[in-house]
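Q: just to be clear, the model below is a prediction. Sequence and coordinates:
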Amino acid sequence: MKNKIKIKEIRFIDGESDRVPLIPTTVYSWNKANAFLMKRSCYKESKIGDLKTDFVITFEDGFEYKGTYELKHLNFEKGDLKGHILRNALFYSGRHRPSHIETDESYNLCLTEEGKELYSQLLDHYDIGYGVSINRDIVCEKEILNQITEIDIGIEIKKLFSRMENKKVIEHGNIVFTRGVQNNCLSDKEFFKFVLKSLEKHLLGDWGEMCLEDIRENDYSLENNFRVFSSYEHDSHSKIYIVTERDRSLTTVLFPSEY
């Protein structure tokens, strides 16, 4: 893959706030941009709605990309500006129709020739992550085009809730994926299916790959409103934990390394 034009700077120029006003800030890497967004999400008081944050990215050749990042509460995301731009570019270039848009005809109504040209230019010539996964392993374009989106994740979670409404044995509250788990779900459909199946088992009281003592502890915690912890193995190299807090307000899916 040919070298692509890298960023020169990222400026956060304006944004909504429900607590701490945004101070215009300039950073010089994607990681610093994500750290800024994560800090902003810590200041968000309400778990409902988004805070619109305007930004301008200047690339080394002088090209500028302007956009708005809709920042959620820290419980739901920690900031991923590069991923945000990549998903927009795949969508508006006409290269990826998400599953919630059922037909090509409906998808085409969302597109313009000007937008397709702009976002195709971004994908093909600028360093926004196209052709490289989050951990920098090279992947082919087909894999990227077939990956799911955050919207798809939300839709499938809602479907799971609907199926489990009268079957679940535990109240789950908000379902949250850590950034590591979410990135793997976005790039690997089979892993996402495994996460959904594991969530279903957790809600049914099947605690996964746990020793007998831990299973009994979970059963006791379920009856007495304590924290519930389960563990599931995808393959010999991949395991996730699912944790529901004692007040049943939050259920988190995470990797052991993130615990």
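A: Okay, I see it.
Q: helices and strands of this protein: which one has the lowest mean pLDDT?
A: helix 141-145 (a mean of 35; mean pLDDT, DSSP states H and E).
Q: and the strands in the stretch 151-259 of the chain?
A: 174-177, 228-235, 238-244, 250-254 (DSSP state E, counting those that start in this stretch).
Q: reformat those as JSON lines; add mean pLDDT.
A: Formatted as JSON lines, the strands of the stretch 151-259 of the chain follow (pLDDT from 0 to 100):
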{"stretch": "strand 174-177", "mean pLDDT": "83"}
{"stretch": "strand 228-235", "mean pLDDT": "90"}
{"stretch": "strand 238-244", "mean pLDDT": "90"}
{"stretch": "strand 250-254", "mean pLDDT": "87"}
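Q: I'd like the ones you listed as a markdown table, with mean neighbour count and distance to D54 appended.
A: C-beta here means a position set from N, CA and C on the backbone, and glycine is covered the same way. Listed next are the strands of the stretch 151-259 of the chain as a markdown table, based on neighbours: other Cβ atoms under 10 Å; distance: least, Cβ to Cβ, whole Å:
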| stretch | mean neighbour count | distance to D54 |
| --- | --- | --- |
| strand 174-177 | 18 | 26 |
| strand 228-235 | 18 | 39 |
| strand 238-244 | 20 | 35 |
| strand 250-254 | 19 | 30 |
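Q: dump those strands to JSON lines, plus distance to K8.
A: Formatted as JSON lines, the strands of the stretch 151-259 of the chain follow (distance: least, Cβ to Cβ, whole Å):
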{"stretch": "strand 174-177", "distance to K8": "32"}
{"stretch": "strand 228-235", "distance to K8": "40"}
{"stretch": "strand 238-244", "distance to K8": "37"}
{"stretch": "strand 250-254", "distance to K8": "35"}
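Q: between these, which one is nearest to I85?
A: I85 sits nearest to strand 174-177 of all the strands of the stretch 151-259 of the chain, at 20.3 Å, using Cβ to Cβ.
Q: show me the residue at the heart of this structure, geometrically.
A: Q182 (4.6 Å; Cα atoms, centre = their mean).
Q: isn't V195 up against Q182?
A: No - counting by Cβ atoms under 8 Å, V195 sits too far from Q182 to count as a contact (9.5 Å).
Q: can you pull out the low-pLDDT segments for the stretch 51-200 of the chain?
A: 73-78, 99, 129-154 (pLDDT under 70).
Q: can you map out the helices along it?
A: 81-92, 104-109, 113-125, 141-145, 150-164, 179-187, 189-204 (DSSP state H, counting those that start in this stretch).
Q: what's the domain layout of the protein?
A: Each domain of the chain is listed here as a residue range: 7-145, 150-258, per automatic domain parsing.
Q: check which residues of the one helix or strand N34 maps to are buried.
A: N34 belongs to helix 30-43 when assigned by DSSP states H and E. Across helix 30-43, burial judged by 16 or more other Cβ atoms under 10 Å covers 30, 33-34, 36-38, 40-41, 43.
Q: for stretch 206-222, same thing?
A: Quick answer for stretch 206-222 (16+ other Cβ under 10 Å): 207-208, 210, 217-218, 221.
Q: chain center to it: distance?
A: Relative to its chain's centre, stretch 206-222 lies at 29 Å (Cα atoms, centre = their mean, to the nearest Å).
Q: distance of the closest residue to F194 other than its chain neighbours relative to F161?
A: Among residues not flanking F194 along the chain, H234 sits closest, at 4.6 Å (Cβ to Cβ, 6 or more residues apart in numbering). Using Cβ to Cβ, to the nearest Å, H234 is found at 22 Å from F161.
Q: same check, this time on S231
A: 22 Å.
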